[in-house]
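Q: predicted model and sequence below, questions to follow.
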Amino acid sequence: MKKNLFVLLSVVFVLFMTALFIFYLIKGDPSRWQVALGGIAVSALPLLLLLSKRNPFNIPIIIAYYVFVFCTTFLGSIASFYLHYKWWDTSLHFYKGIFVGFIGITLYKLFIPKKAQSDVSKWIPFLFVLSLSVTSSVLWEIYEFAGDQFFTHTMQRGGNKDTMYDLLAGTAGGLLAAIYSYIKKEEI
């Protein structure tokens, strides 16, 4: 079931982004066809997990990933939500903080043997989840900065203020996921 969902979502998103790529390439809109091309890559990326013996990510994480891809590539960049709705960018950073936090919970369960988990302090998964979310926020801001330096000049429209809001939102989302991991440590 999980494998089929992975393949289905990947194929649907790759086809959708390919259609957008062709449409905007023919139309001569380089900023949109470049985003669609990137959308093809990030939509196909999860297929690499099919090469692993055991995919650790559950169905909600898989769906959350494609929600994020759709919201950032199509709605955010192609449909110009980033330009028309000032709250869109910060909201996606908050969502990403939560999303990466739950990826952190999954990785904690994957890398810490079940027998050892009961002996681990509640603070370890809390700090791991929070650190992973904050690190992903920092890396995303580096990506935006590099993108503006070399390609678009539109990713950090608000400059330092935009970066700080994004980092705060990503950290807040990660903090929520970390608090969840602290409270539910015995169940995760």
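A: Nice, thanks for sending it over. Residues are numbered from 1 along each chain as shown.

Q: residues contacting the worst-scoring helix or strand of the chain on mean pLDDT, please?
A: Using mean pLDDT, DSSP states H and E, the weakest-scoring helix or strand in the chain turns out to be helix 114-117, at a mean of 84. With contact meaning CB atoms under 8 Å, 6 or more residues apart in numbering, helix 114-117 is reached by residue 109. All C-beta atoms are positioned from the backbone trio N, CA, C, and that covers glycine.

Q: quick one: name whatever helix or strand follows it.
A: helix 123-150 (DSSP states H and E).

Q: mind checking how far that following helix is from the chain centre?
A: 11 Å (CA atoms, centre = their mean, to the nearest Å).

Q: list the helices and strands that helix packs on?
A: Under the contact definition 3 or more CB pairs under 8 Å, 6 or more residues apart in numbering; DSSP states H and E, helix 123-150 sits against helix 86-111, helix 159-183.

Q: relative orientation of that helix and helix 86-111 in degrees?
A: Calculated by axes from the mean of the first three to the mean of the last three CA atoms, to 10 degrees, helix 123-150 forms an angle of 130 degrees with helix 86-111.

Q: quick one: helix 123-150 to helix 159-183, angle?
A: 160 degrees.

Q: tell me which residues in helix 123-150 are buried?
A: 125-126, 128-130, 132-134, 136-137, 140-141, 144 (16 or more other CB atoms under 10 Å).

Q: could you give the mean pLDDT of that helix?
A: Across helix 123-150, pLDDT averages out at 88.

Q: do stretch 176-188 as well
A: Stretch 176-188 comes out at a mean pLDDT of 87.

Q: from the chain's centre, how far out does it sit?
A: With CA atoms, centre = their mean, you get 20 Å for stretch 176-188.
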